[in-house]
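Engineer: 3D, please:
(chains A and B)
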Amino acid sequence: MTSATTAHSVVEPSTTTRRFAGSLVVLYAIITMIPLVWIMLTAFKSPDDAISYPPKVMFKPSLEGFCNVFTTRSRQTPEFIRSLGPPQGLCDSIARSRNMVVAGPSNYVPRFVNSLIIAFGSTVLAVALGTLSAYGFSRFRVPLKDDLMFFILSTRMMPPIAVAIPIYLMYRTIGLSDTRLGMILLYTSVNVSLAVWLLKGFIDEIPREYEEAAMIDGYTRFQAFVKVVLPQATTGIAATAIFCLIFAWNEYAFAVLLTSGNAQTAPPFIPIIIGEGGQDWPAVAAGTTLFLVPIVVFTVLLRKHLLRGITFGAVRK
Amino acid sequence: MNELSASSRITYRAVPVRPGVARRIRGLSDRTLAWLFITPTIVLLLAINIFPLLWTIYLSFTNYRANRANVPTIWLGADWYQSILTDPDIWAAMQVTAHFVIWTVVIETVLGFGLAYLIDKKFRGHGMWTTIILLPMMLSPAVVGNFWTFLYQPQIGLFNYVVAFFTGRAASSFQMLGDVTLSPWAIVIVDAWMWTPYVMLICLAGLRSIPDYIYEAAEVDRASKWRQFWSITLPMALPFIMLAVLFRGIENFKMFDMVNLLTGGGPGSTTEVASITLKRAAFESWRTGYSSAFAIILFVTVFGLANIYVKALNRVKSR
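Structural biologist: Numbering: from 1, shown residues only, chains lettered A, B, ... in the order given. Have a look, this model is predicted:
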């Protein structure tokens, strides 16, 4: 932040420089947004519009992609369709216009629910464990503290596939294969390293005098932690929780290797949404859009803490 | 990674409490509480990271196959390590990985630093545009990477259309994902699109950490802008740039999700980065012992390279 006193300083860039810099950045931002905008546009296209050449920017919006991501359909003869009653709902009438009938719900909602349960479950666990450990590392003299902190971080250097091999065997032995609990524990173990590192930074910034004062007033150390430190660390805990949530939400490698049906999350499912004759791109785009929206919201909420989160607290503003 | 633990090296003493007060404080001692707080995390990591790692090390010396669990396990010694390190396919995969890591890191660093430099000029609305630029890196690499296969379609894809529009070639005359010379660049482009903002964010923090008075002093000394950039801006932002390179290097060395969905290692094995080779050996051919040995080799490589790099980084920081 530049203070007001430097407003006339010689180091302030000139208006021309600013405009020039601004227009280059805006140009980059627009180019970088094109793929994301294209996902959203494709979600509202009909299958024919989606695969037309040249690519269509103007088109008649259709909800077919969203219908297709939520339903499974079966092809029927026109005579059979005519013999049915009036279409039930929008998706049914869209399907009937393509000589199909809605056969039932797709797996998208269960996969989405799995994503929610696993992401929230692992986030709550990781943040709870992380907060306790971070407080411990921040306030107490722990033997081998640096080594333990480094050990916690080094667990992130393993390639996910390398971790997945023994986890696959271990889960198979103890019956955690393809279960939500297994995925929650695995994601917790990955997220806890981030949580400890981030939260230690946040707790380090809370003056220890607050707890000391509370303890002199008769609180035990634990009461001081609960009633003084935790309320002070709320922002940090919330930011950490969102980072854990985003990781678990986006994770693909473990999910694709260790789950098949029961506990499968959305990321391995969305790429395999196929229609008749190849990938149903409007449906994939619709599934992707719904999957990405929460993250976009979180990113905007998190923007002040992003830097800290992505560098494990190594860089703080 | 010593540099990262720098903040933790400031050792605090437990809060001194006078004996009279201590008597009033009932409950657990600090020492007990410290262990109570830290143990659950350590136990979880031991169970889900360290125990499996040790198991992987054990398996890497055996002929174990996960799909034939009943076959008696034979101790092979270091056979797998020897055969991996002499296997030309493994070296090909390492070359593909090196190409991917080096080019993504170079492109992301140049673009990311450039963007950060421009954003640091604080034009109107820079906050909003920065947030927009940051979006791709927060999204799921798998789900978004998968969508790039659509953008790369030779007949209908937007990417090919745009390239055709600007170069005048036919859009279907090249296949980003099907061509052996283009596909390694296809994955580099997607990764650069996703992760340039990451480098940008860290570089921006570096640029903002340079105090104004240094530039003011340089102005007084009539140093040219060019000179100021090379003598002040770049050297002072260098530790941050190097940190970004470290994080991107480690992440891209482990790269799996985006490449698996975009090309799956193909065509042939032209984009088969190490993680894809590992996945094929472990979960498609079920050569568990062999893939365990490869996993250990990869882990040691990342760990070793990261440590050497952090030493260099610390030297730059202490200058």
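Engineer: what element comes up after the helix or strand bottoming out on mean pLDDT in chain A heading to the C-terminus?
Structural biologist: Lowest by mean pLDDT, DSSP states H and E among the helices and strands of chain A is strand A:274-275, with a mean of 71. Later in the chain than strand A:274-275, the nearest helix or strand by DSSP states H and E is strand A:278-279.
Engineer: briefly note if that following strand comes near chain B.
Structural biologist: Yes. Using Cβ under 8 Å from any Cβ of the partner chain, we find that strand A:278-279 touches chain B at A:Gln279. Quick note: C-beta positions are derived from backbone N, CA and C, even for glycine.
Engineer: quick check: mean pLDDT across that strand?
Structural biologist: Taken as a whole, strand A:278-279 has a mean pLDDT of 74.
Engineer: repeat for stretch B:133-148
Structural biologist: Averaging the model's pLDDT scores along stretch B:133-148 yields 89.
Engineer: got the contact list for A:Thr289?
Structural biologist: A:Ile39, A:Met40, A:Ala43 (Cβ atoms under 8 Å, 6 or more residues apart in numbering or on different chains).
Engineer: so where does the nearest residue to A:Met40 once chain neighbours are set aside fall, helix or strand?
Structural biologist: Leaving aside its sequence neighbours, A:Met40 sits nearest to A:Thr289 (Cβ to Cβ, 6 or more residues apart in numbering or on different chains; 5.5 Å). Secondary structure from DSSP H and E places A:Thr289 in helix A:281-302.
Engineer: now do the next helix or strand after that helix, average pLDDT.
Structural biologist: As assigned by DSSP H and E, the chain's next helix or strand after helix A:281-302 is helix A:306-310. Helix A:306-310 shows a mean pLDDT of 82.
Engineer: touching chain B at all, helix A:306-310?
Structural biologist: Yes. Judged by Cβ under 8 Å from any Cβ, helix A:306-310 comes into contact with chain B through A:Leu306, A:Leu307, A:Ile310.
Engineer: can you report how many residues lie near the first one?
Structural biologist: Meaning A:Leu306. By the criterion of other Cβ atoms under 10 Å in any protein chain shown, A:Leu306 has 22 neighbours.
Engineer: which residues does it contact?
Structural biologist: Shown in contact with A:Leu306 (Cβ under 8 Å, 6+ apart): A:Thr299, B:Leu134, B:Leu201.
Engineer: next, the contact list for the first one, please.
Structural biologist: A:Thr299 sits next to A:Leu306, B:Thr131, B:Leu134, B:Leu135, B:Met138 when contact means Cβ under 8 Å, 6+ apart.
Engineer: any weak-confidence spans in the stretch 201-317 of chain A?
Structural biologist: Across the stretch 201-317 of chain A, the ranges flagged by pLDDT under 70 are A:275-277, A:317.
Engineer: remind me, longest helix of chain A?
Structural biologist: Scanning chain A for the longest helix, with DSSP state H as the assignment, gives helix A:108-139.
Engineer: what angle do it and helix A:281-302 make?
Structural biologist: For helix A:108-139 against helix A:281-302, the angle by axes from the mean of the first three to the mean of the last three Cα atoms, to 10 degrees is 20 degrees.
Engineer: which other helices and strands contact the helix or strand that helix A:108-139 is followed by?
Structural biologist: The C-terminal neighbour of helix A:108-139 among helices and strands, as given by DSSP H and E, is helix A:145-154. When contacts are defined as 3 or more Cβ pairs under 8 Å, 6 or more residues apart in numbering or on different chains; DSSP states H and E, helix A:145-154 packs onto helix A:108-139, helix A:180-204, helix B:30-45.
Engineer: export those helices as CSV, with columns for mean neighbour count and distance to B:Ile187.
Structural biologist: Formatted as CSV, those follow (neighbours: other Cβ atoms under 10 Å in any protein chain shown; distance: least, Cβ to Cβ, whole Å):
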stretch, mean neighbour count, distance to B:Ile187
helix A:108-139, 22, 25
helix A:180-204, 24, 24
helix B:30-45, 18, 32
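Engineer: mind checking which of those helices is nearest B:Ala274?
Structural biologist: Distance to B:Ala274, taken as Cβ to Cβ, is lowest for helix A:180-204 among these, at 19.4 Å.
Engineer: is the closest one anywhere near chain B?
Structural biologist: Yes. Using Cβ under 8 Å from any Cβ, helix A:180-204 reaches chain B at A:Leu185, A:Leu186, A:Thr188, A:Ser189, A:Val192, A:Ser193, A:Val196, A:Trp197, A:Lys200, A:Gly201, A:Asp204.
Engineer: now for the helices and strands packed on helix A:145-154, which one comes closest to B:Ala116?
Structural biologist: helix A:180-204 (22.1 Å).
Engineer: what ranges does the stretch 201-319 of chain B have for its strands?
Structural biologist: Using DSSP state E, counting those that start in this stretch, the stretch 201-319 of chain B contains no strands.
Engineer: excluding covalently adjacent residues, which one is nearest to the closest residue to chain A within it?
Structural biologist: Closest contact between the stretch 201-319 of chain B and chain A, by Cβ to the nearest Cβ, is at B:Ala295 (3.4 Å). Excluding the flanking residues, the one nearest B:Ala295 by Cβ to Cβ, 6+ apart is A:Ala162, at 3.4 Å.
Engineer: hmm, B:Ile297 and the one you found touching each other?
Structural biologist: No. Contact criterion Cβ atoms under 8 Å: A:Ala162 and B:Ile297 do not qualify, at 9.6 Å.
Engineer: hang on, the earlier thing: does the residue nearest to B:Ala295 lie in a helix or a strand, and which?
Structural biologist: With DSSP H and E as the criterion, A:Ala162 is inside helix A:160-174.
Engineer: just A:Ala241 next, same as before
Structural biologist: helix A:234-250.
Engineer: ok and that helix relative to helix A:108-139, angle-wise?
Structural biologist: Interaxial angle, helix A:234-250 versus helix A:108-139 (the same axes, to 10 degrees): 140 degrees.
Engineer: who touches helix A:234-250?
Structural biologist: Residues contacting helix A:234-250 (Cβ under 8 Å, 6+ apart): A:115, A:118-120, A:122-124, A:126-127, A:130-131, A:187, A:190-191, A:194-195, A:198-199, A:201-203, A:205, A:230, A:267, A:294-295, A:298, A:301-302, A:305, A:308-309, B:138-143.
Engineer: and what of stretch B:71-82?
Structural biologist: For stretch B:71-82, the external contacting residues (Cβ under 8 Å, 6+ apart) are B:Ser60, B:Phe61, B:Thr62, B:Asn63, B:Tyr64, B:Arg65, B:Gly289, B:Tyr290, B:Ser292, B:Ala293, B:Phe294, B:Ile297.
Engineer: let me see the contact set for the second one.
Structural biologist: In this case it means B:Phe61. Per Cβ under 8 Å, 6+ apart, neighbours of B:Phe61: B:Trp75, B:Leu76, B:Gly77, B:Ala78, B:Trp80, B:Gly289, B:Ala293.
Engineer: tabulate those residues (JSON lines), appending neighbour count, pLDDT and distance to B:Gln175.
Structural biologist: What follows is the contacts of B:Phe61, written out as JSON lines (neighbours: other Cβ atoms under 10 Å in any protein chain shown; pLDDT from 0 to 100; distance: Cβ to Cβ, whole Å):
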{"residue": "B:Trp75", "neighbour count": "9", "pLDDT": "87", "distance to B:Gln175": "47"}
{"residue": "B:Leu76", "neighbour count": "18", "pLDDT": "84", "distance to B:Gln175": "42"}
{"residue": "B:Gly77", "neighbour count": "9", "pLDDT": "82", "distance to B:Gln175": "45"}
{"residue": "B:Ala78", "neighbour count": "11", "pLDDT": "84", "distance to B:Gln175": "42"}
{"residue": "B:Trp80", "neighbour count": "23", "pLDDT": "89", "distance to B:Gln175": "37"}
{"residue": "B:Gly289", "neighbour count": "23", "pLDDT": "90", "distance to B:Gln175": "37"}
{"residue": "B:Ala293", "neighbour count": "27", "pLDDT": "93", "distance to B:Gln175": "35"}
